[in-house]
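> I'll drop the sequence and a predicted model, then ask my questions.
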Amino acid sequence: MNLAWKDIRRQKLRFVFTGLGLGLLFSIVLAMGGIYRGMVADATMLIDAVGADLWVVQRDTRGPFAERSTVPRVLEDRLRVVDGVASAENFTYATIQRGDVAHPVRIGVVGLSWPNNRGDDLPLISGRALGGAHREMIVDRTLGLELGARVPLGDDVYEVVGITKGFVSSGGDALAFVTERDADAILGWMAPESRRLAGGQRPAVLPSAVVVKLLPGVRAEDVQARLAEWPDVTVWTAGEQRDLLLRGVIDKARQQIGLFRTLLSIVSAIIVALILYNMTVAKSYEIALLKLMGARTRVVVGMILQQSLLLGAIGYGMAVAIGSVAFEQFPRRVVVGPVELGGLAVLVAVICVLASVAGIVRALRIPPTLVLAG
Amino acid sequence: MNQTVIRAEALRKVYGEGDTELIALRDVSIAVERGEVAALLGPSGSGKSTLLTALGFLNLPERGKIWLDERLVVADGRALADLAAVRRTSVGFVFQKANLIPFLTARENVLLALQLNDQVGRAADARARELLGYLGLADRVDHYPEQLSGGQQQRVAIARALANRPPLLLADEPTAALDSHRGRDVMELFRRIAHEQGSAVIVVTHDHRTLDVFDTIHEMEDGVLTRRPPIAQSQQEASA
């Protein structure tokens, strides 16, 4: 006969509502972890999709995702003749903002090296890769555009020919893939009057980097070492580019989320402790009776601990259920995998054990003679 | 041969100090044998409950000794054994209120006492049912306390107190919340339990109408315990 379970069973509704409250709290803890994982996934998605072995960027810069980087257009030709290089393609990337003040739309524009790269490797959920050199684009569905939609950007109107799912920048902005030339036109666009004042010249938009793929068996570090002698470029391996992005761009967000998560965990522990303490106070009479009947300390401690863990389990279940419904609606990706679920389970167990201490201390102080006081 | 279950000698218990000092027990000695039903009378504040809690190993007197089944358990304010274990195995308590655990059925309340004493499984369940049947509650085993009358709750409490076959049963005004008819039933039940099961029973009571049930009567006043002749003996003396 499990006293903790019997007590919970008698107060099902109260426990369910308490568990629901805890579940909401734990779901935020879960969301925090999921949001961080989502940020990592978003940030590295483009790097992973490009699949380059080396990123060749402007000398002494950390690449297009960290800061402004421009390289000469001919750099890709120079790289193609380097020993061990299988392919080298210009990579243009910049974020633009359109829409009005109330409804801004941010888009990460990626220029593909047409015709070598038409976006065939992109995970499309509908439509096709780029079929022409101009005025076609592949966009992420978070922009809310349908296939065939026509989007005016600069002097041209672009037709949406393909849709990706969850392809966003490290800032969570939807990515749009166009040819390199179209990217130049979009990113270098000037209003007619500005262009007139500039003597009719449009500023040249240079590639942000050159992405290099190596022949099988060639070590990226070897080619990197050779290219280090070139005075106008800096070369990062894919792993380094990834680390730069994670440590540079989203590190503060990670710290922020980590701190917030820690605070939430402490708040959760305090709330669970208060709930358990009040539950223990409410059961003072029964606990005194158990002690009067000679119950061992472990029986009383076990009852409180089991109730704490059961409450935690209910809260955990609620959090997972809430998360599975609510996280889809979040504006940014929330990645909840076995690591997050396992981590939350461990966290909840630790919180419950720590939180039950107050209740246990209280219970141990209850004198058995309390029963006689009536 | 009768065997002494509980024996206390020269118990002294003082509450407070200085001007607020109150001597609850003044060199109190008492012995109750197996099968004996003893009444403990006295006005409020006379020290009855203090003596009962001392004999139940809930409240240690500063001075004096208490033996249970000839084993010295308490001596001059020191416990010589694990008192919780002594209570668990050897003492049954019944109170003015039934004090049942509200989220357990009648059967589970009795089972709890057995479970605390490491008796589980079918044998424990059978024991709980047997006791409830013995006390006339065979058809109420799966009822929750709130579904039982006051008298039925008190009988469940008695069943719980008897679950581990304790040699000592202590009852603190167990009939105070019952009408006189049911109160007498409970007192007679104690007598039956003492005689049939061989327990020593000590009952604190204010109800003088049921004193004929008791084998011995003790009276407390200002912390001093005196033994009165039982009712039957008193009546004989009166008629002589």
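That came in fine, so what should we check first?

> The closest residue to chain A within chain B - how many residues pack around it?
Relative to chain A, the nearest point of chain B is residue B:88 (2.7 Å; Cβ to the nearest Cβ). Where C-beta positions appear, they are placed from N, C-alpha and C, glycine not excepted. Counted with other Cβ atoms under 10 Å in any protein chain shown, the neighbours of residue B:88 add up to 20.

> Could you give the average pLDDT over the longest strand along chain A?
Looking across chain A with DSSP state E, the single longest strand is strand A:85-99. What strand A:85-99 shows for mean pLDDT is 86.

> okay, that strand in CSV with CA atoms only?
Extracted in CSV, the C-alpha atoms of strand A:85-99 (Å, rounded to 0.1, in the frame of the first residue of the first chain):
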residue,chain,number,x,y,z
VAL,A,85,40.2,21.5,-54.9
ALA,A,86,37.2,19.8,-56.5
SER,A,87,35.1,23.0,-56.9
ALA,A,88,35.0,26.6,-55.8
GLU,A,89,31.9,28.8,-56.0
ASN,A,90,31.2,32.4,-55.0
PHE,A,91,28.9,32.7,-52.1
THR,A,92,26.9,35.9,-51.6
TYR,A,93,24.9,36.4,-48.4
ALA,A,94,23.3,39.5,-46.8
THR,A,95,20.2,40.3,-44.9
ILE,A,96,17.6,42.8,-46.3
GLN,A,97,14.6,44.2,-44.6
ARG,A,98,11.4,45.1,-46.4
GLY,A,99,7.8,45.8,-45.4
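
> Partner strands of that strand, with direction?
Sheet pairing of strand A:85-99 (DSSP bridges) gives strand A:104-112 (antiparallel), strand A:209-214 (antiparallel).

> which parts of it are buried?
A:85, A:87, A:88, A:89, A:90, A:91, A:92, A:93, A:94, A:96 (16 or more other Cβ atoms under 10 Å in any protein chain shown).

> ok, the residue of chain A found nearest chain B - contacts?
Using Cβ to the nearest Cβ, residue A:294 is the residue of chain A that sits closest to chain B, at 2.7 Å. Shown in contact with residue A:294 (Cβ atoms under 8 Å, 6 or more residues apart in numbering or on different chains): B:84, B:85, B:86, B:87, B:88, B:89, B:91, B:116, B:117.

> Next step: those residues restricted to helices.
Among the contacts of residue A:294, the ones falling in helices (DSSP state H) are B:84, B:85, B:86, B:87, B:88, B:89, B:116.

> mind checking pLDDT for the closest residue to the first one other than its chain neighbours?
When you say that, I think you mean residue B:84. Residue nearest to residue B:84 in three dimensions, not counting chain neighbours: residue A:294, with 4.6 Å by Cβ to Cβ, 6 or more residues apart in numbering or on different chains. What the model reports for residue A:294 is a pLDDT of 88.

> in what helix or strand does residue A:294 lie?
Element membership of residue A:294 [criterion: DSSP states H and E] is none; it lies in no helix or strand.

> For chain A, which residues score under the pLDDT cut-off?
A:100, A:202-203, A:374 (pLDDT under 70).

> How is it divided into domains?
Listed by automatic domain parsing, the domain ranges of chain A are A:3-42+A:252-371, A:43-249.

> Take these and write them to JSON lines, including distance to residue B:141.
Putting these into JSON lines (distance: least, Cβ to Cβ, whole Å) gives the following:
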{"stretch": "domain A:3-42+A:252-371", "distance to residue B:141": "16"}
{"stretch": "domain A:43-249", "distance to residue B:141": "60"}
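
> right, so of these, which gets closest to residue B:108?
domain A:3-42+A:252-371 (7.2 Å; Cβ to Cβ).

> Helix or strand for residue A:163, just tell me which one.
Going by DSSP H and E, residue A:163 is part of strand A:156-164.

> Can you name the next helix or strand after that strand?
Note on strand A:156-164: by DSSP H and E, the next helix or strand toward the C-terminus is strand A:174-179.

> got the residues of chain B near chain A?
B:49, B:53, B:58-59, B:84-89, B:91, B:93, B:95-97, B:99, B:101-104, B:108, B:111-113, B:115-117, B:120, B:172 (Cβ under 8 Å from any Cβ of the partner chain).

> Buried residues, stretch A:244-257. List them.
Residues of stretch A:244-257 classed as buried under the neighbour-count rule (16+ other Cβ under 10 Å) are A:244, A:245, A:246, A:248, A:249, A:250, A:253, A:257.

> Quick check: helices, which of those are part of them?
Within the buried residues of stretch A:244-257, residues falling in helices by DSSP H are A:244, A:253, A:257.

> So the second one sits against residue A:36, correct?
Yes: with contact taken as Cβ atoms under 8 Å, residue A:253 and residue A:36 are classed as touching, separated by 7.4 Å.

> Wait, a strand at residue B:218?
Yes: checked against DSSP: H, G, I helix; E, B strand; the rest coil, residue B:218 lies within a strand.

> Could you give the bridge partners of it?
The partner residues for residue B:218, given DSSP bridges, come to residue B:40, residue B:227.

> Thanks a lot, see you next time.
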